[in-house]
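*Asks:* Just the structure for this:
(one chain, ligands or ions: 1)
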Amino acid sequence: MSKAVDDFRLKLGGEEYVPIFVGGMGVDISTAELALEAARLGGIGHISDAMVPTVSDRRFQTNYVQEKQKKYKFNIGSIDKSVVQFDLERLAEAQRLFVGRTMDAKKGDGVIFINCMEKLTMNSSRDTLQARLLAAMDAGIDGITLSAGLHLGSIELMKEHPRFRDVLVGVIVSSARALRPFLKRAAKFKRLPDYITVEGPLAGGHLGFGVDDWQEYDLKTIVQDVLNFLSENELDIPVIPAGGVFTGTDAVEFLESGASAVQVATRFTVTNECGLPEKTKHHYLEAVEEDIIVNTISPTGYPMRMLSQSPGIADGIRPNCEAFGYILDNSGHCQYVDAYNRELEKNEGKISVLDKTCLCTQFRKFRIWTCGHNVYRLKDTTHKLENGKYQLLRAEEVFRDYQFSKDHTIKLPDLKTSVSSEVSLAAA
Ligand SMILES: Cc1cc2nc3c(=O)[nH]c(=O)nc-3n(C[C@H](O)[C@H](O)[C@H](O)COP(=O)(O)O)c2cc1C
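*Replies:* This next block holds a predicted model:
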């Protein structure tokens, strides 16, 4: 008899969960509302701490961005951004507020994790990452997913915290080769990860593969490599495949071959709880396969998948590192700032930057439409309404479909009457 995800449970930290992680999506695309739904339904939800001071200003009327901008206003005309530092106490405060408010609202049997990207180097990579990690633990986060980077020093950054051994910690890797050095360093502190997320080449966001060779890899093979590596080393750590798991049956295939849960994201981008603007959700729903590109415009140095219609592509906006500056490396450099200044020297007036994008501005404004490769299949997960638009879903409908569907079927959401959907579209 064919199985559903609900026939399996993830064992983590002595508890059992529905084996579905909703992946972290920055900046505030995987909102607290989305993460809370996953937790309420017994799974694992993720918030993301990308640009957390900005997220806090939006949600809690704090003033972190303006404060930083005011402090460094004098530097706006300078190419050298090394003086523009984050105030660590303020950063920690924003993180505690964001995580604390989310955790206070948690209901149900699931858990909420935070996605912490190492590549957000913030002009002082070690200190800012440490401030984010410690503050998340202070505020009661259930788990931390270390992402976008090798994180060789991250476990050590957490070691003095009283919750070092009780908070759940996971790492995202794209190969067994990347996992090895992480485990070696973690073993030094006798703090192996509680789970390992293995992200394949079809995922959304940044990719751990080359822009020209990602097609040569497939998630099943990489997951098997990681499972083999762990068993050869007698390590029993749950493995969570991510990237392209589109149906409950895709998930079951992984669960039957040794994975402990799956991580999914793209299907949740078209839910009411997702943080993307409603218009952007409709672009995702209308996307066709030819619209999806993988390019190198991210100044992090990692390839990224996105819709080719993303309005942020080639935009030559002036960088605003004084207010933001999340991608500045430890010497105050960002590949976008360099590319922008190069174009500025060549042209006067409005400029266009083709090879890099300002992640801080474009992600904050939801103008780079990153997505998993299966975004073009989203239209098969919902109804097309009389007005030609697709119906958005509730996170619960997507979660339950992953949990209970069988034989690669997808249960469509309850059909809204066309009047109420027109009203909700007009209100957007
Ligand atoms: C819109 C979007 C934004 C994402 N942002 C991040 C991120 O900020 N950090 C991260 O580690 N992964 C990010 N991801 C990757 C997801 O967390 C997840 O691992 C992956 O997309 C799962 O594959 P799927 O989208 O095919 O289900 C993002 C994915 C999407 C679709």
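
*Asks:* Show me which residues of stretch 98-112 are buried.
*Replies:* Across stretch 98-112, burial judged by 16 or more other Cβ atoms under 10 Å covers 98, 99, 100, 102, 103, 106, 110, 111, 112. Where you see a C-beta, it was placed from the backbone N, CA and C, and this is true even at glycine.

*Asks:* Revised request: answer the last question for stretch 199-216.
*Replies:* Taking 16+ other Cβ under 10 Å as the neighbour-count basis, stretch 199-216 is seen to contain the buried residues 199, 200, 201, 202, 203, 204, 205, 206, 207, 208, 209, 214.

*Asks:* So which of these reach the ligand?
*Replies:* Under the cut-off given by Cβ under 6 Å from any ligand atom, the ligand has 199, 202, 203, 204, 205 from the buried residues of stretch 199-216 close to it.

*Asks:* What is the neighbour count of the nearest residue to residue 111 once chain neighbours are set aside?
*Replies:* In space, residue 111 comes closest to residue 142 once its chain neighbours are excluded; the distance is 3.9 Å by Cβ to Cβ, 6 or more residues apart in numbering. Close neighbours of residue 142, defined as other Cβ atoms under 10 Å, add up to 22.

*Asks:* The residue in the stretch 301-428 of the chain that the ligand sits nearest to: what's it in contact with?
*Replies:* Closest approach of the stretch 301-428 of the chain to the ligand (Cβ to the nearest ligand atom) occurs at residue 372, with a separation of 2.9 Å. The contact partners of residue 372, taken as Cβ atoms under 8 Å, 6 or more residues apart in numbering, are 202, 203, 204, 243, 244, 265, 266, 305.

*Asks:* cool, and residue 251?
*Replies:* For residue 251, the set of contacting residues under the criterion of Cβ under 8 Å, 6+ apart consists of 5, 19, 20, 245, 262, 264, 402.

*Asks:* What of residue 318?
*Replies:* Contact criterion Cβ under 8 Å, 6+ apart gives residue 340 as the residues in contact with residue 318.

*Asks:* Show me which residues of the stretch 1-150 of the chain sit near the ligand.
*Replies:* Counting by Cβ under 6 Å from any ligand atom, the residues of the stretch 1-150 of the chain near the ligand are 23, 24, 25, 26, 29, 48, 50, 115, 117, 147, 148.

*Asks:* residue contacts, residue 299?
*Replies:* For residue 299, the contact set (Cβ under 8 Å, 6+ apart) comprises 327, 334, 335, 336, 337, 339, 356, 357, 358, 359.

*Asks:* Among those residues, which lie within helices?
*Replies:* Of the positions in those, 335, 336, 337, 339, 359 sit in helices, assigned by DSSP state H.

*Asks:* Quote the end-to-end distance of stretch 57-71.
*Replies:* Between the opening and closing residues of stretch 57-71 we find a distance of 17 Å, counting by Cα to Cα, to the nearest Å.

*Asks:* average model confidence for it?
*Replies:* Predicted confidence along stretch 57-71 averages 98 (mean pLDDT).

*Asks:* Equivalent analysis for stretch 233-251, please.
*Replies:* Predicted confidence along stretch 233-251 averages 98 (mean pLDDT).

*Asks:* Distance from the chain centre to it, please.
*Replies:* 17 Å (Cα atoms, centre = their mean, to the nearest Å).

*Asks:* buried ones in that stretch?
*Replies:* With the criterion 16+ other Cβ under 10 Å, stretch 233-251 contains buried residues 237-251.

*Asks:* For it, measure first residue to last.
*Replies:* With Cα to Cα as the measure, stretch 233-251 spans 26 Å from end to end.

*Asks:* Same check on stretch 264-282?
*Replies:* Counting by Cα to Cα, the length from the leading to the trailing residue of stretch 264-282 is 19 Å.

*Asks:* Repeat that for stretch 61-74.
*Replies:* Taking Cα to Cα, the first and last residues of stretch 61-74 lie 25 Å apart.

*Asks:* ok, and the closest non-adjacent residue to the residue of the stretch 201-350 of the chain at minimum distance from the ligand?
*Replies:* For the stretch 201-350 of the chain, the nearest residue to the ligand under the criterion Cβ to the nearest ligand atom is residue 204, separated by 2.5 Å. Once its chain neighbours are removed from consideration, residue 204 has its nearest residue in residue 372; the separation is 4.1 Å (Cβ to Cβ, 6+ apart).

*Asks:* what residues are up against residue 171?
*Replies:* Taking Cβ under 8 Å, 6+ apart as the definition, contacts of residue 171 comprise 145, 146, 147, 151, 179, 182, 193, 196, 197.

*Asks:* and the nearest residue to residue 209 once chain neighbours are set aside, what element?
*Replies:* Among residues not flanking residue 209 along the chain, residue 201 sits closest, at 5.0 Å (Cβ to Cβ, 6+ apart). Residue 201 is located outside every helix and strand, with elements delineated by DSSP states H and E.

*Asks:* My read is that residue 201 contacts residue 220, right?
*Replies:* No - contact between residue 201 and residue 220 fails when scored by Cβ atoms under 8 Å: they sit 11.5 Å apart.

*Asks:* OK, contacts around the nearest residue to residue 405 once chain neighbours are set aside?
*Replies:* Leaving out its chain neighbours, the residue that sits closest to residue 405 by Cβ to Cβ, 6+ apart is residue 248, at 3.9 Å. For residue 248, the set of contacting residues under the criterion of Cβ under 8 Å, 6+ apart consists of 4, 5, 401, 402, 403, 404, 405, 406.

*Asks:* With residue 23 instead?
*Replies:* Contact analysis of residue 23 by Cβ under 8 Å, 6+ apart lists 30, 46, 115, 203, 204, 242, 263, 264, 265.

*Asks:* okay if I get those as a markdown table plus secondary structure?
*Replies:* Below are the contacts of residue 23 laid out as a markdown table (DSSP: H, G, I helix; E, B strand; the rest coil):
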| residue | secondary structure |
| --- | --- |
| 30 | coil |
| 46 | strand |
| 115 | strand |
| 203 | coil |
| 204 | coil |
| 242 | strand |
| 263 | strand |
| 264 | strand |
| 265 | coil |
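
*Asks:* Adding distance to residue 174, write those out as TSV.
*Replies:* Compiled in TSV, these are given as follows (distance: Cβ to Cβ, whole Å):
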residue	distance to residue 174
30	20
46	18
115	15
203	9
204	14
242	10
263	13
264	17
265	15
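
*Asks:* In the chain, which helix is the longest?
*Replies:* Scanning the chain for the helix with the most residues, using DSSP H, yields helix 88-104.

*Asks:* Quick one: the strands in the stretch 101-250 of the chain, in order.
*Replies:* In chain order, the stretch 101-250 of the chain shows strands spanning 111-117, 143-147, 168-173, 195-199, 205-206, 239-242, with DSSP state E, counting those that start in this stretch as the criterion.
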